[in-house]
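In: Quick one, structure for this:
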Amino acid sequence: MPKIFVTRRIPEAGIRKLEEKGHEVVVSPEDRVLQKKELIEALAGQNYDAVLCLLTDTIDGDVLDAAGKQCKIFANVAVGFDNIDLVAAAERNVMITNTPGVLTNTVAEHTFALMLAAAHRVVEADRFTRAGLYGGWAPMLLLGNDLSGKTVGIVGLGRIGSRVAYHAVKGFDAKVIYYDVARNEQFEQEFGAIYKASVDELLPEADFVSIHVPLLDSTRHLMNAERLRLMKPTAYLVNTSRGPIVDEAALVDALKSGVIRGAALDVFENEPKLASGLAELENVVLTPHIASATEETRSAMSALAADNIIAALEGQTPPNLVKKM
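Out: Alright, predicted model coming up:
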């Protein structure tokens, strides 16, 4: 009977799929992020055939070695896989998979929730009201900004970026400009979008900048102090991709000094820690990495990770095999 280790409690959909196939599933008793040493200790000598891991797990050569040569696959419950050393996995003939597609709509929805919350000062207004400061309607009270008809700049036109663009055009009559490593002329025709040859060219024109690129060496601190200064002083920055893409300390300075009007972040550079001063700012909305956190989507991610494992253990190519970068 194949044995599978799950590094943390996940929605039951994936566990049920694995058990229905007759696999033995061992879920870590610790419902928290396992430190690397703890993960190695949990895997060593246990002869697991597969590991279902999370984006918070660091999977490097040491961890892969601890799993043993019989371990065929590490199935990551995430779209991104920057937590995994793909080269080390390839050297050990271990398959790596992810869970793309099933969270596209949910993350796009959360992106707009953040945009609207920042522009309409929803969180600030909630705090104001709960504090008993609301004394009645006033014409200048907590004035925000419209999203409709504005220019939304999409940085990274993958599945999620494309869906954000769809909502921007279809739902808010917004103008979309975008930057990606590959131009998509069909997308431009369908949505009236305008391609920008660089991030630097996009930033001065956008009222909202939404980040949707993977974390690579080339995208780390993509949004730094210099690029934040390229944005309009009335603009908002939204990040639902990976925290280190934004230089968080530079963002704090930009928000304090009025370089940009506001920001909304679901991910952070050194999670779960926040940059000094970030939490005290009124012009930023912060959510704890929950862009894909709906019952429907997290269950679908769990099930997809299980499908990847089942395929690998049956000698098939998993549906979401990640190629070595």
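In: in the helix or strand hosting residue 40, what's buried?
Out: Per DSSP states H and E, residue 40 falls inside helix 36-43. Applying a neighbour-count criterion of 16 or more other C-beta atoms under 10 Å, one finds 39, 40, 42, 43 buried in helix 36-43. C-beta: built from backbone N, CA, C; applies to glycine.
In: Now tell me what touches that helix from outside.
Out: Identification of contacts with helix 36-43 by C-beta atoms under 8 Å, 6 or more residues apart in numbering yields 5, 7, 28, 30, 34, 51, 57-58, 60, 62-63, 66-68, 71.
In: how near is residue 222 to residue 256?
Out: Distance, residue 222 to residue 256, using C-beta to C-beta, to the nearest Å: 21 Å.
In: Counting neighbours, go ahead and name the busier of the two.
Out: Set residue 222 next to residue 256 and count neighbours by other C-beta atoms under 10 Å: residue 222 wins out with 20 against 13.
In: mind listing what that one touches?
Out: Residue 222 is in contact with 155, 199, 211, 213, 245, 246, counting by C-beta under 8 Å, 6+ apart.
In: For the fifth one, what are phi and psi?
Out: Translated: residue 245. phi -70, psi -30 (degrees, to the nearest 10).
In: and if you look at the first one?
Out: Listed backbone geometry of residue 155 is phi -100, psi 100, with angles given as degrees, to the nearest 10.
In: do the last one as well
Out: For residue 246, the backbone dihedrals are phi -110, psi 130 (criterion: degrees, to the nearest 10).
In: Looking at the contacts of helix 36-43, which are in strands?
Out: Within those, residues falling in strands by DSSP state E are 5, 51.
In: Just the closest of the contacts of helix 36-43 to residue 130, please.
Out: Using C-beta to C-beta, residue 30 is the member of these that sits closest to residue 130, with 34.8 Å.
In: What separation is there between that closest one and residue 24?
Out: Distance of residue 30 to residue 24, computed by C-beta to C-beta: 19 Å.
In: try residue 252
Out: For residue 252, the distance to residue 24 (C-beta to C-beta) stands at 48 Å.
In: Name all residues that make contact with the nearest residue to residue 150 once chain neighbours are set aside.
Out: Leaving aside its sequence neighbours, residue 150 sits nearest to residue 207 (C-beta to C-beta, 6 or more residues apart in numbering; 3.9 Å). Contact analysis of residue 207 by C-beta under 8 Å, 6+ apart lists 145, 150, 151, 152, 232, 234, 235, 236.
In: What subset of the residues you listed is buried?
Out: 145, 150, 151, 152, 232, 235, 236.
In: As a markdown table, the residues you listed with secondary structure, pLDDT and distance to residue 277 would be great.
Out: Formatted as a markdown table, the buried ones among the contacts of residue 207 follow (DSSP: H, G, I helix; E, B strand; the rest coil; pLDDT from 0 to 100; distance: C-beta to C-beta, whole Å):
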| residue | secondary structure | pLDDT | distance to residue 277 |
| --- | --- | --- | --- |
| 145 | coil | 98 | 23 |
| 150 | coil | 98 | 28 |
| 151 | strand | 98 | 29 |
| 152 | strand | 98 | 27 |
| 232 | coil | 98 | 22 |
| 235 | coil | 98 | 20 |
| 236 | strand | 98 | 18 |
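In: Among these, pick out the one closest to residue 168, please.
Out: Closest approach between those and residue 168, by C-beta to C-beta: residue 152, at 4.3 Å.
In: Model confidence at the spatially closest residue to residue 197 that is not a sequence neighbour, what's the number?
Out: Of all residues not flanking residue 197 in the chain, residue 179 sits nearest, at 7.5 Å (C-beta to C-beta, 6+ apart). The score at residue 179 is 98. That number is its pLDDT.
In: Burial check on residue 179, number of neighbours?
Out: For residue 179, the count of nearby residues is 22 (other C-beta under 10 Å).
In: okay, and for the stretch 201-325 of the chain, where does confidence drop off?
Out: For the stretch 201-325 of the chain, the stretches with pLDDT under 70 are 324-325.
In: how about the helices of it, start to end?
Out: 225-230, 248-257, 295-313 (DSSP state H, counting those that start in this stretch).
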